[in-house]
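Trainee: Sequence plus the predicted model coming up.
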Amino acid sequence: MTIAQNQAALGASALPTAAERFGILERPDLTFTPEIARETADLYERVKAFIPAFEWPVYAPYVHAINRLKKERGAVILAHNYQTPDIFHCVADIVGDSLQLARDATTVDAEIIVQCGVHFMAETSKLLNPDKTVLIPDAKAGCSLSESITGADVRLLKERYPGVPVVTYVNTSADVKAETDICCTSSNVLAVVESLDSDTVLCIPDEYLAMNVAKQTKKKILTWKGHCEVHERFTAAELLAYKEADPTIEIIGHPECHPDVIAVCDFAGSTSGMINYVKDKRPARVLLVTECSMASNIQAEIKGVDFIKPCNLCPHMKRITLPKILDSLLYMTQEVLVDPAIAGRARLAVERMVNLKQ
């Protein structure tokens, strides 16, 4: 069953809807006024390097309205590092990579979670908060990795490799997680693999992540040919050309890239690992081999570092916009639901990851 079919089936039977439970609010006036200018001035300071002053009057009314509405709703906004700076720095309450957002989702007091990321992230928040309302501003915000594998595929893999534990990247649907022993993210995949009492591990669906972790463990890693459409576009030749043009550049890569790309990087790590590297090392010039909005978001916080941006954008992350966040809060639309038949098993796999001591 596809995400759309699953949502449609659940939505038809899961009454009342979020809009009926929480009500629909009146759409605010989005005129840029001197009052809005004053109340958003500090927020603009965070993003002025990326949003020209003449464009801020378009953004500011949405930022102002969203921040007011989330308080009125009692909602919290979670935003992934790949979100644009206007979302990441101006309306988000909690930001981070997939692991951080998964952990923080379990600690929020709000009854409504608005997930500014892709669909599997919203599903993960729902799994960890089954009694809360989880919204995603655009339900079509998918993921090439998540769409590369199904629960049926995992069941066939388990038949082919009986007794081999399954480690599934968090970038997957709840249906896939339900067939999994434990989930992982790019920041904890090695710890997850090493925690299992088995010489052989299925590490799916990201083939490159699995290949890169295989170089760090004595365990035999079985893979699946899923790839991130952002990270698979980077090539070693491209990065070497940057190095040749300026040998002082430090290249930091994400493990969803091909091993040949990682081999020419000065450092490779998860989203959070890349951020911490820049914060701790403060290289004069750095090239982040990942989704380019992350470089903008780090640049807004870290001064004195020159970011070189080979701009590979995630088309799915970019489906999330300020107008869609506003509509989601106003009309309580795009509620994320998970079939109870799979939710319990999927939740267990995520909780094992979140609770793993590292």
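Mentor: Happy to help now that I have it. Numbers count the residues shown, from 1 in each chain.

Trainee: Count the neighbours of I24 for me.
Mentor: Neighbours of I24 under the rule other C-beta atoms under 10 Å: 11. Using the backbone N, CA and C atoms, a C-beta is placed for each residue, glycine as well.

Trainee: and it, how far is that from L135?
Mentor: Distance from I24 to L135, counting by C-beta to C-beta, to the nearest Å: 13 Å.

Trainee: What of F307?
Mentor: 32 Å.

Trainee: hang on, the earlier thing: got any residues that touch both of I24 and L135?
Mentor: M332 (C-beta atoms under 8 Å, 6 or more residues apart in numbering).

Trainee: list the contacts for A178?
Mentor: A178 neighbours (C-beta under 8 Å, 6+ apart): 151, 342-343, 345-346, 349.

Trainee: repeat that with 7 Å
Mentor: 151, 342, 345-346 (C-beta atoms under 7 Å, 6 or more residues apart in numbering).

Trainee: so the residue nearest to D29 when sequence neighbours are not counted, which of the three states?
Mentor: Distance criterion C-beta to C-beta, 6 or more residues apart in numbering; nearest residue to D29, sequence neighbours excluded, is P61 at 7.8 Å. Recorded secondary structure, P61: helix (DSSP: H, G, I helix; E, B strand; the rest coil).

Trainee: What pLDDT does the model give P61?
Mentor: Note for P61: predicted pLDDT of 98.

Trainee: What is the burial count for it?
Mentor: P61, neighbours per other C-beta under 10 Å, totals 21.

Trainee: domains of this protein?
Mentor: Domain assignment for the chain by automatic domain parsing gives 3-142+317-340, 146-228, 231-308.

Trainee: how close does I182 get to S270?
Mentor: Taken as C-beta to C-beta, the span from I182 to S270 is 17 Å.

Trainee: Quick one: low-confidence residue ranges for the stretch 101-250 of the chain.
Mentor: For the stretch 101-250 of the chain, no stretch has pLDDT under 70.

Trainee: Run through who's touching stretch 32-41.
Mentor: 57, 60-61, 63-64.

Trainee: what's the answer for stretch 283-293, then?
Mentor: 82-84, 230-231, 234, 239, 242, 246, 248-254, 257, 261, 265, 274, 278, 294-295, 305-314, 317.

Trainee: show me where the stretch 51-200 of the chain has helices.
Mentor: Ranges of helices in the stretch 51-200 of the chain, per DSSP state H, counting those that start in this stretch, are 56-73, 85-90, 98-105, 119-128, 151-160, 174-177, 189-195.

Trainee: May I see those arranged in JSON lines, with distance to T40 as well?
Mentor: Shown next, in JSON lines, are the helices of the stretch 51-200 of the chain (distance: least, C-beta to C-beta, whole Å):
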{"stretch": "helix 56-73", "distance to T40": "5"}
{"stretch": "helix 85-90", "distance to T40": "8"}
{"stretch": "helix 98-105", "distance to T40": "25"}
{"stretch": "helix 119-128", "distance to T40": "27"}
{"stretch": "helix 151-160", "distance to T40": "44"}
{"stretch": "helix 174-177", "distance to T40": "37"}
{"stretch": "helix 189-195", "distance to T40": "39"}
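
Trainee: Which one of the ones you listed lies nearest to L222?
Mentor: Closest approach to L222 among the helices of the stretch 51-200 of the chain (C-beta to C-beta): helix 151-160, 8.0 Å.

Trainee: Now do the closest one: which elements does it pack against?
Mentor: helix 174-177 (3 or more C-beta pairs under 7 Å, 6 or more residues apart in numbering; DSSP states H and E).

Trainee: For the helix it packs on, name the packing helices and strands.
Mentor: Against helix 174-177 (3+ C-beta pairs under 7 Å, 6+ apart) you get helix 151-160, helix 340-355.

Trainee: which one of these lies closest to L99?
Mentor: It's helix 340-355; of the helices and strands packed on helix 174-177, that one is closest to L99 (C-beta to C-beta) at 7.7 Å.
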